[in-house]
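Student: coordinates for the following, if possible.
(2 chains)
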Number of protein chains: 2
Amino acid sequence: MKLNPPILTNLRVVLVRTRNPLNIGAVARAMSNFGFSQLRLVNPYERAFREARSAVGASEILAAAQEYKTIADAVADCGLVIGATAVGGREVQHPLKRLEEAAEVARAQTCGVALLFGSEKVGLSNDDLSYCHWLLRIPTTRDHRSMNLGQAVAICLYELVRQPGPISEPRQAETATATKLERMTAVLTEALHACGYMTDEATRTTEEKTRRLIRRLNLSSADAELLLGMLRHISRKFG
Amino acid sequence: MKLNPPILTNLRVVLVRTRNPLNIGAVARAMSNFGFSQLRLVNPYERAFREARSAVGASEILAAAQEYKTIADAVADCGLVIGATAVGGREVQHPLKRLEEAAEVARAQTCGVALLFGSEKVGLSNDDLSYCHWLLRIPTTRDHRSMNLGQAVAICLYELVRQPGPISEPRQAETATATKLERMTAVLTEALHACGYMTDEATRTTEEKTRRLIRRLNLSSADAELLLGMLRHISRKFG
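Tutor: Okay, the predicted model is just below:
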């Protein structure tokens, strides 16, 4: 059994002055997609928060979300506070990490980690940023830096749990044996003869070509069986 | 100067039967955030597409988005077609790659790459999936797999451009386009009909099965041509 990474319990997603209930809902949904649970809101627009909570299918995460008057209160129990930013000129006074590096540092913490997102219109203010140890930047293009809030949060959470290590689901399928491939070659060759694709003088070359082609297909055992069944039907029809 | 990675021009984001104009807008926004430009819509809800296009600040990407009647048309110029899925039981017949691995393979292509996203309610149907070479899964938690469409697209695009530099050898052989694969599917289906492999009531399932089989073969352009030639000969004989 695999243990949950500590970041899942350590992280607090902190939304500052969020205006749009749909964004609050989208943030909560991404959190549940990736296994996070602590959502905190600093001065959300009252109506936005109310609407988000009462939306159909609103999650436990929204029901348990905490509201705070100030950033200081919202991050009080955190040992690391990170501000997410699209980075214009003004924030350069803060150290800046690319998302991948930021996630690596965040995962290594044993304390509470706050990840702050500003309002849709203006992001985090200089005052908000002053509570942050450093800033995180999602590597967007230079010309279109400003991201949708729900999408920015989703990408950050994905990067936080994206596990290095084995990344592909193991290939289940058994590969076809040479015997089966040779049987396919024979049936296909026969059909090609019957339909006039092979002229007599070129038979040998075409047979070789067919044999090589069938190997290149890299068939699983099941697929070879399927194709063989089809070819047999076709071949039988030719008599 | 760093050259743009080829995936930025190779990728087509294909939205199938999208219902919500906000989602279409969010997808376009994420595309511009990460430098992609080709958006294609298959049978979007008319009103959704219209609203998305007329929204304040609608991007050039939306203005240039192409509309298609079928998936076959939308992916015709692509050599690799990937379906994004939350993966329930039903799609296990397709090879499945985790997002990271999927992105690596997609980046290595020199051909057009289509990335398909289904409707908000039901995702991609089995018929939709039969046009895909393989499926991609975002590593969500087991209990909350279903993602918001705009967030799912944003995460995929982020992962596609996250890596600096080329990380794997480009594939030598040019892969067969979806048009060619679809032609093969049609000719094989026809032959299977003619020889009695398909019973009338099972036609649709067999057609889907055939379509999936042909995608799994992972054919080069030259091999597809060769096989198509064979199948045409066989089919003509039945005609």
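Student: what residues go with each domain of chain A?
Tutor: For chain A, the structural domains run A:7-161, A:178-238, going by automatic domain parsing.
Student: and of the ones you listed, who's closest to B:Ala30?
Tutor: B:Ala30 sits nearest to domain A:7-161 of all these, at 5.5 Å, using Cβ to Cβ. C-beta: built from backbone N, CA, C; applies to glycine.
Student: for that closest one, how far is the first residue from the last?
Tutor: 8 Å (Cα to Cα, to the nearest Å).
Student: indicate whether that domain makes contact with chain B.
Tutor: Yes: Domain A:7-161 comes into contact with chain B (Cβ under 8 Å from any Cβ of the partner chain), by way of A:22, A:26, A:29-30, A:32-35, A:100, A:138-141, A:143-148, A:150-151, A:154-155, A:158-159, A:161.
Student: show the average pLDDT along that domain.
Tutor: What domain A:7-161 shows for mean pLDDT is 90.
Student: show me where chain A has its strands.
Tutor: Assigned by DSSP state E, chain A shows strands spanning A:11-16, A:38-42, A:66-68, A:78-84, A:96-98, A:112-117, A:134-137.
Student: which strands border the last one, and is each parallel or antiparallel?
Tutor: Put plainly, it is strand A:134-137. On the basis of DSSP bridges, the sheet neighbours of strand A:134-137 come out as strand A:78-84 (parallel), strand A:96-98 (parallel).
Student: same check, this time on the second one
Tutor: Looking at strand A:38-42 with DSSP bridges, its partner strands are strand A:11-16 (parallel), strand A:66-68 (parallel).
Student: ok, A:Arg107 touching A:Asn4?
Tutor: No: contact criterion Cβ atoms under 8 Å: A:Arg107 and A:Asn4 do not qualify, at 12.0 Å.
Student: the more surrounded of those two?
Tutor: Taking neighbours as other Cβ atoms under 10 Å in any protein chain shown, A:Arg107 and A:Asn4 compare with A:Arg107 leading, 17 against 10.
Student: for A:Cys132, list the residues it contacts.
Tutor: A:81-83, A:94, A:116, A:124 (Cβ atoms under 8 Å, 6 or more residues apart in numbering or on different chains).
Student: hmm, try it at 10 Å
Tutor: A:71, A:75, A:80-85, A:91, A:94-95, A:114-116, A:124 (Cβ atoms under 10 Å, 6 or more residues apart in numbering or on different chains).
Student: A:Arg183 now?
Tutor: Counting by Cβ under 10 Å, 6+ apart, A:Arg183 makes contact with A:176-177, A:214, A:224, A:228, A:231-232.
Student: got the contact list for A:Glu159?
Tutor: A:Glu159 sits next to A:34, A:98-100, A:102-104, A:106-107, A:136, A:138, B:155, B:158-159, B:162 when contact means Cβ under 10 Å, 6+ apart.
Student: if we can go back for a sec, same list (the strands of chain A) but as TSV, adding distance to B:Leu219.
Tutor: Formatted as TSV, these follow (distance: least, Cβ to Cβ, whole Å):
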stretch	distance to B:Leu219
strand A:11-16	45
strand A:38-42	48
strand A:66-68	55
strand A:78-84	44
strand A:96-98	39
strand A:112-117	45
strand A:134-137	41
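Student: can you give me the neighbour number for A:Lys121?
Tutor: When neighbours are counted by other Cβ under 10 Å, A:Lys121 registers 9.
Student: my guess is it contacts A:Arg17, does it?
Tutor: Yes: shown here, A:Lys121 and A:Arg17 form a contact pair, counting by Cβ atoms under 10 Å, at 9.0 Å.
Student: any idea how far A:Asn23 is from A:Glu51?
Tutor: In this view, A:Asn23 and A:Glu51 are 11 Å apart by Cβ to Cβ, to the nearest Å.
Student: who's more crowded, those two?
Tutor: Taking other Cβ under 10 Å, A:Asn23 and A:Glu51 do not tie; A:Asn23 has more neighbours (23 against 16).
Student: list the contacts for that one?
Tutor: Neighbouring residues of A:Asn23 by Cβ under 10 Å, 6+ apart: A:15, A:44, A:48, A:52, A:117, A:119-120, A:148-153.
Student: again, only using 8 Å
Tutor: In this structure, A:Asn23 makes contact with A:48, A:120, A:148-150, judged by Cβ under 8 Å, 6+ apart.
Student: give me the buried subset of the residues you listed.
Tutor: A:48, A:148-150 (16 or more other Cβ atoms under 10 Å in any protein chain shown).
Student: gap between the spatially most central residue of chain A and A:Ser146?
Tutor: Centroid check for chain A by Cα atoms, centre = their mean gives A:Tyr158 as the closest residue, at 5.7 Å. Using Cβ to Cβ, A:Tyr158 is found at 19 Å from A:Ser146.
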